[in-house]
Structures are given as structure tokens and as C-alpha cells.
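1. here you go, sequence then predicted model.
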Amino acid sequence: MSLILDGTNGISNVQSTTDGSAATPAIRGTDANTGIFFPAADTIAFSEGGAEAMRIDSSGMVNVGTGGNGEIYIGRNTTIANAKLEVTGSANMLVTNNTDTGVGAINVLYIVRNNNNVGTIQCTNIATSFNTSSDYRLKENIAPMTGALTTVAALKPVTYKWKIDGSDGQGFIAHELAEVVPDCVSGEKDAMETYTDEDGNEQTRIKAQGIDTSFLVATLTAAIQELKAIVDAQAARIAALEAAP
């Protein structure tokens, strides 16, 4: 039998003689196909309209979706090592704030590590900005950048096609860029990682390097300034030669 709650009587020491299912949950209200059921050992699931909407499994992972294969995971760590929140499948993540009616920028996401705010995502009524900490009070030994033109000359921009879908791309190869501007690159060349797939089998895959080309902006700016200084000096020499009798 299942426990049916009609809102008229108090209950205590609740037990059910059936685990129930999404269609007929073990604990439910007057809506017969919406409630709580127990699909596996140490697992609690919630159904709405006869379909599973969420479950908490034996590892403590919260899985929001259907059939135990939802599209939002909290506490998941199988796809990306140590990830605590994953949105997968055809799901989209929405960050919204409809209560602030001002025109200035507001923070919609804070990024914190070791109790330090290291970045934010801000939005205005028309745009979004992605910010990393850059306050002068966080820095020391500040000095003008030198040799930027030489650094830029060593860069190796390329065009390519992505293996996954054959689409065209342009940019840099991560390990080549790391040799010139290490700050732009995360990860190690040729790194691999193991993970457990949804069937419980251990698999191996590449642990891809990543690039953040925003770290090139300072180098490119300094290179332009160095180039301008060269051009200005040459222009002055030409002007002097043309003015000579």
C-alpha cells in the first residue's frame, strides 16, 4: 500500500510497504501521480505528473531531470573531475534578475576561491561583462612591459578545422602559445585523465588545454606602443633629412 496524504489528519512514524514508482509514488497527496518514491537502495526520487522530476542518489548527488538521467546535477563529479554543478544535455542555464530596475551594472555571479572574490559576471540592461580581479591593491612590483614587439613576433597564429564538426577556426595552438605567453594557457600538453562513465566503467580521455586570449591584450598594446615609438622616430629622421639643405 502507499501512504496518501489528504491534508486532514496529522501523521507520525510514517512507513510504506511499497517503494512506489514515478507513476504511483509511495508518498503522495490527492494527486495520485505526484509525490515521493524510492527507485533504488539509498535513493529518494520525486515525481510530477507521473514522471520523475528529481532524485537524490546514494552518493548524495542531486539529479534534476527525468529517469535518473537529468540535465542538472549538483554534487556530480564524473564528467569533470571535482565538479559540483553540471548542466548537460539540451538544458540551458539562465541567470536572471528582474527586480533591479536601475541602469547601472549589477553582479549576477560571483566567483570566489579561498574566501577571496576573484571575479564576477556583471550585466546592464543591454550588455554582459566578464571580470577578473585587477585592483592595484592586489599587485606589487608593478613595472612597464618591455620587449612586447619581440613577443608578438614569436606568436604563431593559425587557421584550422575542429575535428568534432569540421567547422573552421582561427587562433593559436595551446602548447605553442604557452611557450611565448604562459599566462594565456591552462593545463599541460598531452595530459590525460580517467573518469567513470554512466555505466560505471572507467574510461580515459584527453585533458585538453585551454586558452584565454584576454591575457594577450597587454602584450599587444605594449607592442603597438613600441611600434609607434619606432615609427615616430623614423618619421622624425625623415622629416629632418627632408628639411636638410
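-> Alright, I've got the coordinates.
2. bridged to the residue most central in space within the chain, which residues?
-> In the chain, the centroid-proximal residue (Cα atoms, centre = their mean) is Glu86; its distance is 8.7 Å. Glu86 has the following beta-bridge partners by DSSP bridges: Tyr73.
3. relative to Met93, how far out is it?
-> 10 Å (Cβ to Cβ, to the nearest Å). The C-beta positions use only the backbone N, C-alpha and C, and glycine is treated the same way.
4. do Trp162 as well
-> For Trp162, the distance to Met93 - Cβ to Cβ - is 23 Å.
5. quick one, helices of the protein?
-> 148-154, 174-180, 217-243 (DSSP state H).
6. which one of those lies closest to Thr128?
-> Smallest distance to Thr128 across these (Cβ to Cβ): 18.3 Å, for helix 217-243.
7. any buried residues in the closest one, and which?
-> 219, 222-223, 226 (16 or more other Cβ atoms under 10 Å).
8. same question, stretch 179-186
-> Under 16+ other Cβ under 10 Å, the buried positions of stretch 179-186 are 180-181, 184-185.
9. re the thing from before, which of the helices of the chain sits closest to Ser133?
-> Taking the helices of the chain one by one with Cβ to Cβ, helix 217-243 is closest: 15.1 Å.
10. any low-confidence regions in the chain?
-> Where the chain drops to pLDDT under 70, the residues are 1-17, 66-84, 87-91.
11. kindly report the domain assignment for it.
-> Domain assignment for the chain by automatic domain parsing gives 1-94, 106-138, 148-243.
12. first-to-last residue distance for the last one?
-> In this case it means domain 148-243. Start-to-end span of domain 148-243 (Cα to Cα, to the nearest Å) is 33 Å.
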